[in-house]
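Undergrad: Could you work out the structure for the sequence below:
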Amino acid sequence: MAFKLASLETILDRFWNTFKRFPLAIIVAIAGTVTLMLTLDIDEWELQQDLIRVTLACIVVMPALIAVGTFGEARRVSDLWAWAMKVLVLALGVVFWLTVDHLEGYKYPVVFLLLVLATHLMVAFAPWIGGKKEGFWQYNKQLFLQILVAVIYSGVLFAGLAIAILAVDQLFNADIEEETYMRLFFFIGGVFNTIFFLSGVPRDYQVLETDESYPKGLKIFTQYVLLPLVFIYLVILYAYMAKILIQAEWPVGWVSILVLCFSIAGIFSFLLIYPLRNKQEERWISVFNRWFYIALIPLTVMLFVAIFKRLQQYGFTEERYFVLLLAFWLTGIIAYFLLSKKDDIRVIPVSLFVLSLAAVFTAFPIARMSQLNRFEDMLEKYDLLEDGKIKLGDKEPDFAMEKDLSSIFDFLDDREDMTYIQPYVSFDLDSLEAEVNKGKKRGGRIGSRVMSELGMTYRSKYSHAPTSGNEFETYTYYGPANESFEIAGFEQMRRQYFNENINYEDKEPYILYEEGIGYVVTYKEKKLPVDLVAFAQKMARENPKGTYDPLDEILLEAENEELALRLYFIDFRFEMDKDKKIEDISGSVWMLVREQ
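TA: Numbering: from 1, shown residues only. Model (predicted):
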């Protein structure tokens with residue numbers, strides 16, 4: 001058989017047919033890709049964030065447009081209703097863009113991921129809503145294979161073109177910008193990959209209903225790779241369950257993740273071999289399926305025990321809420337496949353879709369309410385309320401009190417919900433936030449300042465209470481490692497890691513610790529002592545925290561008759577004892593230096 005390349009006319013004809021079938025999905029993919037490319041040429045933070053938000057909205061909307069398109073085809077709805085559904089999806093995308101008005105914090109990435117999960121699940125089941133279940137497995141098999149092929153084609157195409165561009169750059173001194181490779185990656189991933197995938201989305205749904213083909217390699221992979229892994233998980237989990245029963249212990253929180261992973265692996269294995277279940281020679285599949293769900297029952301009980309124990313101790317967070325939702329979902333799936341005679345696997349993606357949407361609207365309010373209840377319990381426990389306001393009075397705050405309150409403020413800070421504690425404090429939080437964020441590009445955290453205003457010390461989750469063997473508290477600060485800074489007026493610039501044990505550097509300028517003096521910067525054999533102890537005391541006083549939250553800037557300037565110095569700290573660490581004595585200063589820094 002002669003090998004024949006597809007003609008340009010054939011390629012264009014296939015593209016046009018795909019575009020006619022999914023016009024809005026392709027336009028949205030192009031729009032999202034273009035806006036992402038534009039961020040490479042824009043330095044203004046707010047405009048860059050707006051463009052990224054457009055891209056995120058397109059990523060959410062595009063699968064939903066594909067889903068409503070295939071639903072309209074399968075159910076043969078009128079063109080008017082088909083376009084009405086697509087316009088509704090676009091409108092919801094605009095609502096998402098307007099609602100997610102910035103990208104900082106914990107809340108918005110989680111909402112985005114949940115919506116992406118929900119819209120991708122829609123693609124899996126949309127054409128089969130209200131219809132026969134036959135063909136559903138074959139449809140998703142073809143979608144899965146088309147995704148794999150699209151990723152392989154896109155990867156090879158990107159690698160080939162990137163090497164070609166590099167060759168032109170190196171051989172002809174073309175001076176091609178580094179951003180060109182990123183633009184190519186965005187284009188192939190966002191446009192080519194999308195169109196290639198859409199060109200292979202099945203459209204003859206009636207043929208799929210009668211298709212009984214099954215890849216032999218898939219059965220081999222499931223039977224000899226996935227199922228042995230599932231059995232290994234099962235043995236480990238049952239051995240652990242026996243251990244905690246014998247030792248009368250509560251299950252550790254991590255076991256929840258392992259039970260869910262085991263459950264998902266088992267359910268996925270069953271889905272892969274689902275079409276073979278009624279064949280006489282493959283009766284073992286039905287036996288495996290039933291006993292798998294029976295084996296899940298004790299593990300699901302252990303899952304509930306583990307999550308409820310954590311909820312009793314620490315209340316709801318979004319992660320614990322998601323685990324609890326999945327535990328209830330797993331219980332429902334077990335009951336359905338053990339008790340129902342319908343054996344309809346569409347229930348899996350449909351129920352996960354409903355669960356994802358429910359989590360978008362319920363996870364954050366429930367977690368916030370739970371943590372605020374814990375906050376009120378803490379105030380009563382430590383007797384901090386006077387006329388409804390937090391007041392220390394004559395009480396001396398201890399480490400446990402400060403760390404408990406700081407953990408609640410961390411939670412609320414991450415979700416931009418600090419306003420919910422306004423009824424408990426006598427100062428205005430909006431004014432405090434404006435003061436903290438004055439001159440900053442974007443809003444910062446205010447939990448440490450709230451603690452300071454209350455007369456207490458902020459304690460991060462990394463802080464440890466001083467003991468007889470540990471009289472020091474560790475402080476850690478992070479600066480904006482990837483941001484630019486002013487270098488005008490200086491001769492040399494260098495990045496260096498420093499600590500008190502490093503005593504040799506062969507490249508100037510450098511900063512080293514000298515016994516009896518402290519840290520000293522050397523440049524052209526001239527020296528400038530730098531008082532990092534005083535700087536550490538100033539940091540601890542002005543930023544009473546040691547957190548992972550980056551500061552806008554950690555800057556120190558110094559000079560003498562010989563040298564002038566500016567230090568931009570990437571990170572800065574030290575320990576402070578009960579008497580405010582500073583020890584073990586270390587970190588990473590950009591040094592800018594000049595001769596006077």
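Undergrad: Please, where are all the helices along the stretch 101-250 of the chain?
TA: Counting by DSSP state H, counting those that start in this stretch, the stretch 101-250 of the chain has these helices, from start to end: 107-125, 136-172, 179-187, 193-199, 205-210, 216-221, 227-247.
Undergrad: In a markdown table, list these along with distance to residue 87 and mean pLDDT.
TA: Where you see a C-beta, it was placed from the backbone N, CA and C, and this is true even at glycine. A markdown table is the format used below for those (distance: least, C-beta to C-beta, whole Å; pLDDT from 0 to 100):
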| stretch | distance to residue 87 | mean pLDDT |
| --- | --- | --- |
| helix 107-125 | 16 | 95 |
| helix 136-172 | 25 | 95 |
| helix 179-187 | 27 | 96 |
| helix 193-199 | 20 | 97 |
| helix 205-210 | 24 | 88 |
| helix 216-221 | 39 | 88 |
| helix 227-247 | 44 | 91 |
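Undergrad: Tell me which of these lies nearest to residue 278.
TA: Of all these, it is helix 136-172 that lies closest to residue 278, at 12.3 Å by C-beta to C-beta.
Undergrad: in the closest one, what's buried?
TA: Buried residues in helix 136-172, counted by 16 or more other C-beta atoms under 10 Å: 136-141, 143, 146, 150, 154, 158, 169.
Undergrad: separation between residue 435 and residue 362?
TA: Between residue 435 and residue 362 the computed distance is 34 Å (C-beta to C-beta, to the nearest Å).
Undergrad: do the same with residue 239
TA: On the measure of C-beta to C-beta, residue 239 and residue 362 end up 36 Å apart.
Undergrad: could the helices of the stretch 101-250 of the chain be laid out in TSV, adding distance to residue 557?
TA: Putting the helices of the stretch 101-250 of the chain into TSV (distance: least, C-beta to C-beta, whole Å) gives the following:
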stretch	distance to residue 557
helix 107-125	36
helix 136-172	40
helix 179-187	34
helix 193-199	49
helix 205-210	70
helix 216-221	62
helix 227-247	57
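Undergrad: those helices in the stretch 251-400 of the chain, which residues are they?
TA: 254-272, 284-314, 318-339, 347-381, 399-414.
Undergrad: for whichever helix or strand comes after the shortest one, packing partners?
TA: Beyond helix 399-414 in the direction of the C-terminus, DSSP states H and E gives the next helix or strand as helix 429-436. Other elements packing on helix 429-436 under the criterion 3 or more C-beta pairs under 8 Å, 6 or more residues apart in numbering; DSSP states H and E are helix 447-453.
Undergrad: Each with direction, which strands does the following helix or strand past the helix it packs on pair with?
TA: Next in sequence after helix 447-453, counting helices and strands by DSSP H and E, comes strand 472-478. Paired with strand 472-478 in the same sheet, following DSSP bridges, are strand 563-577 (antiparallel).
Undergrad: helix or strand right after the strand it pairs with?
TA: strand 582-595.
Undergrad: Please export the C-alpha coordinates of that following strand as PDB.
TA: Taking Å, rounded to 0.1, in the frame of the first residue of the first chain, the C-alpha atoms of strand 582-595 are listed here in PDB:
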ATOM      1  CA  ILE A 582      18.800  37.500  67.400                       C
ATOM      2  CA  GLU A 583      20.800  34.500  66.200                       C
ATOM      3  CA  ASP A 584      21.300  32.300  63.100                       C
ATOM      4  CA  ILE A 585      20.600  35.000  60.500                       C
ATOM      5  CA  SER A 586      20.600  33.600  56.900                       C
ATOM      6  CA  GLY A 587      18.900  34.000  53.600                       C
ATOM      7  CA  SER A 588      19.300  34.900  49.900                       C
ATOM      8  CA  VAL A 589      19.900  38.400  48.600                       C
ATOM      9  CA  TRP A 590      20.500  40.500  45.500                       C
ATOM     10  CA  MET A 591      23.500  42.800  46.200                       C
ATOM     11  CA  LEU A 592      23.900  46.100  44.400                       C
ATOM     12  CA  VAL A 593      27.200  47.900  45.200                       C
ATOM     13  CA  ARG A 594      29.300  50.800  44.100                       C
ATOM     14  CA  GLU A 595      32.500  52.600  45.100                       C
END
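Undergrad: so it versus strand 563-577, what angle?
TA: 170 degrees (axes from the mean of the first three to the mean of the last three C-alpha atoms, to 10 degrees).
Undergrad: Check which helices and strands strand 582-595 sits against.
TA: Using 3+ C-beta pairs under 8 Å, 6+ apart, strand 582-595 sits against strand 492-498, strand 510-514, strand 518-523, helix 532-542, strand 563-577.
Undergrad: which stretch among those comes nearest residue 201?
TA: Comparing the helices and strands packed on strand 582-595 by C-beta to C-beta, strand 563-577 comes nearest, at 47.2 Å.
Undergrad: what comes up buried for that closest one?
TA: Buried residues in strand 563-577 (16+ other C-beta under 10 Å): 563-576.
Undergrad: tell me the angle of it relative to strand 510-514?
TA: 50 degrees.
Undergrad: Can you give the distance of strand 563-577 from its chain's centre?
TA: 30 Å (C-alpha atoms, centre = their mean, to the nearest Å).
Undergrad: orientation of it relative to helix 532-542 in degrees?
TA: 60 degrees.
Undergrad: how big is the angle separating strand 563-577 from strand 492-498?
TA: 20 degrees.
Undergrad: Give the residue spans of the stretch 301-450 of the chain that score low on pLDDT.
TA: Where the stretch 301-450 of the chain drops to pLDDT under 70, the residues are 438-444.
Undergrad: how close does the residue nearest to residue 306 when sequence neighbours are not counted sit to residue 310?
TA: Closest residue in space to residue 306, ignoring its immediate chain neighbours: residue 251 at 4.2 Å, by C-beta to C-beta, 6 or more residues apart in numbering. Separation of residue 251 from residue 310 (C-beta to C-beta): 10 Å.
Undergrad: same thing with residue 111?
TA: 23 Å.
Undergrad: ditto for residue 430
TA: 34 Å.
Undergrad: swap in residue 67?
TA: From residue 67 to residue 310 the distance is 35 Å (C-beta to C-beta).
Undergrad: When residue 239 and residue 362 are compared, which one has more neighbours?
TA: residue 362 (13 against 9; other C-beta atoms under 10 Å).
Undergrad: give me the beta-bridge partners of the nearest residue to residue 473 once chain neighbours are set aside?
TA: In this structure, residue 473 finds its nearest non-sequential neighbour in residue 576, 5.6 Å apart by C-beta to C-beta, 6+ apart. When assigned by DSSP bridges, residue 576 has beta-bridge partners residue 473, residue 582.
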